[in-house]
Structures are given as structure tokens and as C-alpha cells.
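A.B. asks: Give me the fold of what follows.
(one chain, ligands or ions: 3)
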Amino acid sequence: MKYRRVFTIVIDSFGIGAMDNARQYGDEGADTLGHIDEHMEIFSIPNLMSLGLGRIHPVIHAPSPEKIVGYCARMNEASTGKDTMTGHWELMGLKITQPFLTFTETGFPLELIEALERETGHKVIGNRAASGTAILDELGEEHIKTGAMIVYTSADSVLQIAASEESFGLNELYRCCEIARSLTMKAQWKVGRVIARPFVGKKRGEFVRTANRHDYALKPFGPTVLNVLKDRGYDVISIGKINDIFAGEGITKALRSKSSAHGMEQTIGSMDEDFSGLCFVNLVDFDALWGHRRNPVGYGQELERFDEKLGIVLEKLKDDDLLMITADHGNDPTFKGTDHTKEMVPLLLYSPSMKGSRRLEDTHTFACVGATIADNFSAAMPEGTIGESLLGDLV
Ligand SMILES: O=P(O)(O)O[C@H]1O[C@H](CO)[C@@H](O)[C@H]1O
Ligand SMILES: [Mn+2]
Ligand SMILES: [Mn+2]
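C.D. replies: Residues are numbered from 1 along each chain as shown. Ligands and ions are numbered 1, 2, ... in the order given. From the prediction side, this is the model:
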């Protein structure tokens, strides 16, 4: 094996420009990185720049280094869709051609809502597509007064339940979400994820969502690179939401993160551990706190904080470690609406043992990430998966 440990970090929603088919998603002109850059007077991301970010997308407000290290490429998504599960599953080899069911225009069918009310014993309010923070402001007080669950969706295939940790209780929320998950296993209601959205606070304008969010995802439609690694006895360490996104499939150890900064600290901590295999990290704040909230400066500053921690990762990498930085979809914080955007994503590859450095050709799928990992550990890609290994380019 070329690398004993692979660290794959997903900066959730860090798109680098609209894909050719973005028009089909209403996302022509979306550019998460480009539009953040426009809003940053000085954009301090020296480590991302040293890994070649500026070679795959112009970054005007960050100084360009004379030399880059490692390899960089733009990746296109082969699957239909632009959500977190589609993006991550494709990273590990699955191509999703049948998009997950969404209820964006209509909300959930009455029959489902009635079953949810009956089985949980709580009334439902909301039941439409909304931004999570906006619907809290609107319905949070009513929820606290009546105990009715706030159910909402978005352009993604999700059924989200928001409830107060203080009055409704976290365990009760989780219990209700498990009921929602089992109801939505029915073919006509099969959403990709049920998400528990706990919050604290008593009044409009003061509600804050907590880190106790929990996602109840469908199992991947088939075996992924994670299953192959685990079956061969390698470690597959999940940091952040990865374990939820893969419904625990193919994971040997899972750490939950309180924030993206915490996720990076956990990643740095894992670098002191003696393991062989994959450490797979998702940093969700970029998406949840800044992309969906349409806050380009907040997003840019989160990238700056990430870049500082990335500096520590780079220092700690050993010769037989490989670092891969990528993303799962775009979420342009200046775009219309509050949903994801269909974009290319970056792939930055680095190991201190690399002698060369250059920009690689654009890839047709995100799955070259999984294919490279499988190739590295001499594991065959599972049947039905896609992706071409880039391992031979990493010299
Ligand atoms: O607006 P909030 O609640 O953050 O919801 C966002 O988070 C969900 C899951 O990533 C998506 O449905 C998206 O719309
Ligand atoms: Mn995502
Ligand atoms: Mn999102």
C-alpha cells in the first residue's frame, strides 16, 4: 500500500463553480467560492492556496503562492441530485440515477402527517418547505405553548422535526424521529433523511439550534468503498456527520462533532493514533451556518478558521499519509433561495512524500476519491460502483 492512512475531509457545500448541467437545477451562474471571494476584502487561506485552490478557480483576494504542493482537480458529479447523501455516496463509488423523493412544493401528504401524529402522540405544525431558522422564528413559540412538532422540508429529500430541548426534550424528539423514519420507509414517502432539529430559547429572535442534531439516513443503495475497507480489516473512522450519512455502513469508529472547528480538532487528534485505513471527515457548518443562511462573509471567515487548523494538519502529516480535501455539492451564499447549488467541487491531494505537483484534468465523477482510496489499499471496487483511481498520478 502506498499510503497507510488517508484523511479525506469534506468541506460541506464548498462548490467551485456551476456544473455544465446546472441550468437543469435552476443553478446557472452559481459559484460558492467565487462569490465568497468577492465579499472578502482580504481572504486569508494560505494553506488552501498552497494546495492549489487558486489553480482550479481564481481567488482574487488571497495572495497566490509561487509554488503549490500536491495535486489539484475540479470534480463533476455524475449522479442526479445535489444533496449531501448523493454527494457523499458518489465520493465512495455510488452513482445515484433515481433521485430521492422530495416534497418541496407540496409538503408531506396528509396520510403521513396523520400517521405521525397518531404514532407519536403530538400534533404537527408547519409541514412545508422552509429555512430552518425562519420557521423556528415563526412557529417556535407556538411549539413551546402547544407541544406540536414543527415538521418541515426543503429542496432536499428530508423530513425535519424541530423541537425544544427544554420543553419537548431531546429524547422525545429522537423517539419521534425514529417513528418518522420508520413511517417514511414506505416507498411513496421514502425521503433520504429524517433530521432531528433540537433548539433552545423561549422567544422569537432568541431560538438557537443545538449540536444535538441527528440525521436518520437511508442505508446506501449498495456497498461502497467504506464497506470494502472495513471488510478487509482496515479502520474507517468517521468524524462529524459521515456516520449518519452512511447509516453506519462500513464504519469502524465514529466521533460526533460539535462544530467544524471541533471536527478539525478531532481530525488532528486522530493523526496521533496509530491506524491503517481511512479517516473520513465532514465539516457541516459551512453548509448549515453560512451556505443555507446566505452569508458569504460568514462562510469566508469559516474557511479562514478552517485554513488555520489545516496548517496544523499539514505539519503533522507523515510521509505515508495522504490528505484529500473535497466537497459534496455547492451552496452559493449569494444565490437566490436558500438551497444547495449544482456545482463542481475541489479535490486537493497532498502527501509530504510527493515529489511533483500539478493540476490534474477535471474528473467526470466524484467517485475518483473512493476509487483512489480503494486502489491504495489494493481493494477491488464493489460491484456496481463507478470511479477511476488517480493513485498513479500522485508521484
Ligand atoms: O434550513 P435548514 O434547517 O438548515 O435545512 C438545511 O439542512 C438540511 C439538511 O442538510 C437541508 O434540508 C437544508 O435545507
Ligand atoms: Mn452537504
Ligand atoms: Mn445542506
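
A.B. asks: CA atoms for contacts and neighbours, from now on please.
C.D. replies: OK.

A.B. asks: what's in contact with stretch 173-180?
C.D. replies: 116, 119-120, 161, 163, 194-196, 198, 214, 216 (Cα atoms under 8 Å, 6 or more residues apart in numbering).

A.B. asks: need the residues of the stretch 101-250 of the chain near ligand 1, please.
C.D. replies: 131-132, 153-154, 156, 158 (Cα under 6 Å from any ligand atom).

A.B. asks: Now secondary structure, pLDDT and neighbour count too, for these, in a markdown table please.
C.D. replies: Output for these, formatted as a markdown table (DSSP: H, G, I helix; E, B strand; the rest coil; pLDDT from 0 to 100; neighbours: other Cα atoms under 10 Å):
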| residue | secondary structure | pLDDT | neighbour count |
| --- | --- | --- | --- |
| Ser131 | coil | 94 | 16 |
| Gly132 | helix | 95 | 21 |
| Thr153 | strand | 97 | 27 |
| Ser154 | coil | 94 | 21 |
| Asp156 | coil | 92 | 22 |
| Val158 | strand | 97 | 25 |
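
A.B. asks: Could I get the contacting residues of the closest residue to ligand 1 within the chain?
C.D. replies: At 3.1 Å from ligand 1, Gly132 is the closest residue in the chain, using Cα to the nearest ligand atom. Going by Cα under 8 Å, 6+ apart, Gly132 touches Tyr152.

A.B. asks: Report the buried residues of stretch 89-97.
C.D. replies: The neighbour-count check on stretch 89-97 (16 or more other Cα atoms under 10 Å) flags 89-96 as buried.

A.B. asks: touching ligand 2 at all, the helix or strand of the chain with the lowest mean pLDDT?
C.D. replies: When the helices and strands of the chain are scored by mean pLDDT, DSSP states H and E, strand 214-217 comes last with a mean of 94. No: interface with ligand 2: strand 214-217 contributes nothing (Cα under 5 Å from the ion), its closest point being 12.2 Å away.

A.B. asks: by contact count, what packs against that strand?
C.D. replies: With contacts taken as 3 or more Cα pairs under 8 Å, 6 or more residues apart in numbering; DSSP states H and E, strand 214-217 sits against helix 170-183, strand 193-200, helix 242-245.

A.B. asks: can you redo the ones you listed as JSON lines with distance to Asp137, mean neighbour count and mean pLDDT?
C.D. replies: Putting the helices and strands packed on strand 214-217 into JSON lines (distance: least, Cα to Cα, whole Å; neighbours: other Cα atoms under 10 Å; pLDDT from 0 to 100) gives the following:
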{"stretch": "helix 170-183", "distance to Asp137": "19", "mean neighbour count": "18", "mean pLDDT": "98"}
{"stretch": "strand 193-200", "distance to Asp137": "11", "mean neighbour count": "23", "mean pLDDT": "98"}
{"stretch": "helix 242-245", "distance to Asp137": "27", "mean neighbour count": "23", "mean pLDDT": "96"}
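
A.B. asks: Relative to ligand 2, which residue of the stretch 251-395 of the chain is the closest?
C.D. replies: Asp328 (5.5 Å; Cα to the ion).

A.B. asks: now swap in the chain and tell me
C.D. replies: For the chain, Cα to the ion, closest residue to ligand 2: Thr84, 3.7 Å.

A.B. asks: Quick check: chain neighbours aside, which residue is closest to that residue?
C.D. replies: Excluding its sequence neighbours, the residue lying closest to Thr84 (Cα to Cα, 6 or more residues apart in numbering) is Asp328, at 6.0 Å.

A.B. asks: in a strand, that's where that neighbour is, yeah?
C.D. replies: No: under DSSP: H, G, I helix; E, B strand; the rest coil, Asp328 falls outside any strand and is assigned coil.

A.B. asks: Help me see whether stretch 230-241 makes contact with ligand 2, please.
C.D. replies: No: Stretch 230-241 lies apart from ligand 2 when judged by Cα under 5 Å from the ion; the minimum separation is 9.5 Å.

A.B. asks: residues near the nearest residue to Leu136 once chain neighbours are set aside, how many?
C.D. replies: Nearest non-adjacent residue to Leu136, counting by Cα to Cα, 6+ apart: Phe207, 7.0 Å away. Phe207 has 17 neighbours, counted by other Cα atoms under 10 Å.

A.B. asks: cool, and Ala162?
C.D. replies: 27.

A.B. asks: Looking at the longest helix along the chain now, give me its mean pLDDT.
C.D. replies: If you go by DSSP state H, the chain has its longest helix at helix 296-316. For helix 296-316, mean pLDDT rounds to 98.

A.B. asks: For the stretch 1-150 of the chain, which segments count as strands?
C.D. replies: Along the stretch 1-150 of the chain, counting by DSSP state E, counting those that start in this stretch, strands occupy 5-11, 70-75, 124-129, 149-153.

A.B. asks: Note down every partner strand of the last one and its orientation.
C.D. replies: Right, strand 149-153. Using DSSP bridges, strand 149-153 pairs in its sheet with strand 124-129 (parallel), strand 158-164 (antiparallel).

A.B. asks: quick one: buried residues of that strand?
C.D. replies: Buried residues in strand 149-153 (16+ other Cα under 10 Å): 149-153.

A.B. asks: how deep is the nearest residue to Ala380 once chain neighbours are set aside tucked in, by neighbour count?
C.D. replies: For Ala380, ignoring the flanking residues on the chain, the nearest one in space by Cα to Cα, 6+ apart is Ala374 at 6.5 Å. For Ala374, the count of nearby residues is 24 (other Cα under 10 Å).

A.B. asks: contacting residues for Ala374?
C.D. replies: 225, 228-229, 380-381.

A.B. asks: What residue spans form the domains of the chain?
C.D. replies: What automatic domain parsing lists as the domains of the chain is 5-97+220-393, 110-217.

A.B. asks: I'd like the ones you listed as JSON lines, with distance to Thr104 appended.
C.D. replies: Listed next are the domains of the chain as JSON lines, based on distance: least, Cα to Cα, whole Å:
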{"stretch": "domain 5-97+220-393", "distance to Thr104": "11"}
{"stretch": "domain 110-217", "distance to Thr104": "5"}
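
A.B. asks: Tell me which of those sits most buried.
C.D. replies: domain 5-97+220-393 (a mean of 21; mean count of other Cα atoms under 10 Å).
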